[in-house]
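Peer 1: Requesting a structural model of the entry that follows:
(one chain, ligands or ions: 3)
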Amino acid sequence: MSDNNEFQKVTETASVTAFQQNPYGPNPADYLSNVQNFQLIDSTLREGEQFANSFFTTEKKIEIAKALDEFGVDYIELTSPVASEQSRKDCEAICQLGLNAKILTHIRCHMDDAKVAVETGVDGVDVVIGTSKFLRQYSHGKDMNYIAKSAIEVIEFVKSKGIEIRFSSEDSFRSDLVDLLNIYKTVSKIGVNRVGIADTVGCANPRQVYELVRTLKSVVSCDIECHFHNDTGCAIANAYTALEGGARLIDVCVLGIGERNGITPLGGLMARMIVAAPDYVKSKYKLHKLRDLENLVADSVEVNIPFNNPITGFCAFTHKAGIHAKAILANPSTYEILNPQDFGLTRYIHFANRLTGWNAIKSRVDQLNLHLTDEQVKEVTNKIKKLGDIRPLNIDDVDSIIKDYHIEVSTPSIAPQRDSPEVDSNIDINSDGPPLKKAKTAAK
Ligand SMILES: CC(=O)SCCNC(=O)CCNC(=O)[C@H](O)C(C)(C)COP(=O)(O)OP(=O)(O)OC[C@H]1O[C@@H](n2cnc3c(N)ncnc32)[C@H](O)[C@@H]1OP(=O)(O)O
Ligand SMILES: O=C(O)CCC(=O)C(=O)O
Ligand SMILES: [Zn+2]
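Peer 2: Numbering: from 1, shown residues only. Ligands and ions are numbered 1, 2, ... in the order given. Next up is the predicted model:
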């Protein structure tokens, strides 16, 4: 008895300690969560083709499909083969590539589309139909009975061809819950591989997502896929809470491109997931390829990588303020939740500015192989700050202030006559980090 009590005390202490370390970490009691066991459906070549700037040639689609496959996405979703003659040919061509990722195509809930889709060689078909009153009234004009009837017909047809079938309701979060659960129950019973929830207008918040996924989980026996638009900035958070609620698959696009301002971005979701499930993410996805993949898509659709993009934004691993720089030099985990090395990237300390501190400057002095006492480093830091009060600095400014000061204190008799660098309005703003980029127009 007393042994048992001791055991209980020890385990209680352990869980209290774990909770104190990270009270917001995953809840171990959350047995439905798929945070450690999720899959990615990349839709850059479907939803991404709906981005205002997109035009993918066949060659570009193939290049992007191969790059996605190398990155390790589980599925690649392609534009409907009924969209155009070339769309169908491109779909067939990508199916012929023999990629590891499964190839899907995305169609309306209609036999005409399904008949074309199954002939392309895809591994699966994603079927969608709007269920909200807006879409039922203004898009396709069909009621829930018609939707159920056509869904059954299409699903049974695709299944008869021996390939995967997913049924999704468009605009799920503005649909009637009873309608939704009824249609999902029906399609689950006839054996779809997945059902999908789509936040088509980006109106959902994480709490609503969690609740809908949890509710849906109790009525279907298949996997749940989720698709989140980013109109109100929740696409990554919604994807994460969907997984917490028990969804298994998330739709992503490289850089989040898609209709309007797009959907959950692949890179941003990787940033979120590597924190939650580091071993799973690092073993499954080739994170070192993320930057090249994003550059490939950014070039194809003629946009820049946003400056504040998770992971690959130009300053995502650049630390500037003196307080941050000191701690980062001592231990990068102080101000970094992501490790740039996991993505094949580098960390920078931006010390050429007036917010710098003597610890950062000391590290530069050491890099330059110069020897100054701490008091001297503090003095030279003040000189750097003085110039930094007048104009933006670059690394050469800082280096020459340090070197001049070093000469001055080492051999006072031959101290240089000139002061610190003059203000020169022609000097580019530079940094001791990655090149500072000026924003280009995002869309044509
Ligand atoms: C939320 C999303 O992103 S869903 C995916 C969007 N993807 C696409 O639209 C793919 C590209 N689209 C296209 O190339 C064309 O719209 C096509 C080929 C699919 C259809 O073209 P058209 O026949 O000229 O029709 P149009 O685009 O004007 O209107 C859509 C038609 O699909 C019907 N429809 C819309 N959604 C659905 C659906 N989920 N299931 C069945 N029918 C649907 C509409 O009722 C309308 O039919 P109508 O011609 O009888 O009015
Ligand atoms: O097929 C789906 O699940 C999503 C379709 C879509 O792009 C959307 O509803 O925004
Ligand atoms: Zn969408």
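Peer 1: Please enumerate the helices of the stretch 51-200 of the chain.
Peer 2: 58-71, 85-95, 111-117, 133-138, 144-160, 177-189 (DSSP state H, counting those that start in this stretch).
Peer 1: Could you check the angle the last one makes with helix 144-160?
Peer 2: Right, helix 177-189. 20 degrees (axes from the mean of the first three to the mean of the last three Cα atoms, to 10 degrees).
Peer 1: which residues does the closest residue to ligand 2 within the stretch 201-350 of the chain contact?
Peer 2: Of all residues in the stretch 201-350 of the chain, residue 227 sits closest to ligand 2, at 4.1 Å by Cβ to the nearest ligand atom. Quick note: C-beta positions are derived from backbone N, CA and C, even for glycine. Contact analysis of residue 227 by Cβ atoms under 8 Å, 6 or more residues apart in numbering lists 43, 47, 168, 196, 197, 198, 199, 200, 251, 263.
Peer 1: Highest neighbour count among those residues?
Peer 2: Among these, residue 263 has the most neighbours (other Cβ atoms under 10 Å), with 33 neighbours.
Peer 1: which residues sit in contact with the residue of the stretch 301-444 of the chain found nearest ligand 1?
Peer 2: Relative to ligand 1, the nearest point of the stretch 301-444 of the chain is residue 301 (16.8 Å; Cβ to the nearest ligand atom). Residue 301 makes contact with 48, 51, 53, 54, 55, 257 under the criterion Cβ under 8 Å, 6+ apart.
Peer 1: Torsion angles phi and psi at it?
Peer 2: Main-chain dihedrals, residue 301, degrees, to the nearest 10: phi -110, psi 10.
Peer 1: rewinding a little: for residue 372, find the nearest of the helices of the stretch 51-200 of the chain.
Peer 2: helix 58-71 (46.2 Å; Cβ to Cβ).
Peer 1: before we move on, back to that, tilt between the helix or strand encompassing the residue of the stretch 201-350 of the chain closest to ligand 2 and helix 177-189?
Peer 2: Here residue 227 sits within strand 223-228, counting by DSSP states H and E. Orientation of strand 223-228 against helix 177-189 (the same axes, to 10 degrees) gives an angle of 130 degrees.
Peer 1: Just the mean pLDDT for strand 223-228, thanks.
Peer 2: The average pLDDT within strand 223-228 is 98.
Peer 1: before we move on, the earlier item: got a winner among the contacts of residue 301 for most neighbours?
Peer 2: Of those, with other Cβ under 10 Å as the count, residue 48 tops at 27 neighbours.
Peer 1: is it true that that one lies in a strand?
Peer 2: No: applying DSSP: H, G, I helix; E, B strand; the rest coil, one finds residue 48 to be helix, outside a strand.
Peer 1: any idea how far residue 74 is from residue 193?
Peer 2: Between residue 193 and residue 74 the distance is 13 Å, computed by Cβ to Cβ, to the nearest Å.
Peer 1: now residue 411
Peer 2: Using Cβ to Cβ, one obtains 65 Å as the distance from residue 411 to residue 74.
Peer 1: next one: residue 181
Peer 2: Look at residue 181 and residue 74: by Cβ to Cβ, they are 27 Å apart.
Peer 1: Tell me the residues on the stretch 1-150 of the chain that lie near ligand 1, please.
Peer 2: 50, 80, 82, 83, 108, 109, 110, 128, 129, 130, 139, 140 (Cβ under 6 Å from any ligand atom).
Peer 1: Mind doing that once more with 5 Å?
Peer 2: For the stretch 1-150 of the chain, the contact set with ligand 1 under Cβ under 5 Å from any ligand atom comprises 80, 82, 83, 108, 109, 110, 129, 139, 140.
Peer 1: Kindly write the PyMOL command that selects the buried subset of the residues you listed.
Peer 2: Restricted to buried positions by 16 or more other Cβ atoms under 10 Å, the PyMOL selection for those reads:
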select buried, resi 80+82+83+108+109+129+140
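Peer 1: pLDDT and distance to ligand 2 added to the residues of the stretch 1-150 of the chain next to ligand 1, as TSV?
Peer 2: Shown next, in TSV, are those (pLDDT from 0 to 100; distance: Cβ to the nearest ligand atom, whole Å):
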residue	pLDDT	distance to ligand 2
80	98	11
82	98	15
83	98	13
108	98	10
109	98	10
110	98	14
129	98	9
139	95	11
140	96	13
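Peer 1: Filter the residues of the stretch 1-150 of the chain next to ligand 1 down to just the ones in strands.
Peer 2: Taking DSSP state E, the ones among those that sit in strands are 108, 129.
Peer 1: Give the bridge partners for the residue of the stretch 201-350 of the chain closest to ligand 2, please.
Peer 2: When assigned by DSSP bridges, residue 227 has beta-bridge partners residue 198.
Peer 1: So the spatially closest residue to residue 199 that is not a sequence neighbour versus residue 68, what's the distance?
Peer 2: Closest residue in space to residue 199, ignoring its immediate chain neighbours: residue 228 at 4.7 Å, by Cβ to Cβ, 6 or more residues apart in numbering. Using Cβ to Cβ, residue 228 is found at 19 Å from residue 68.
Peer 1: The two: which is more packed in?
Peer 2: Higher neighbour count among residue 228 and residue 68: residue 228, with 31 against 25, using other Cβ under 10 Å.
Peer 1: Give the full set of residues in contact with the more buried one.
Peer 2: Residue 228 makes contact with 198-199, 202, 204, 209, 234-235, 238-239, 242, 250-251, 263-264, according to Cβ under 8 Å, 6+ apart.
Peer 1: Could you rerun that using 10 Å?
Peer 2: 173, 197-200, 202, 204, 206, 209, 234-242, 250-252, 256, 262-264, 269 (Cβ atoms under 10 Å, 6 or more residues apart in numbering).
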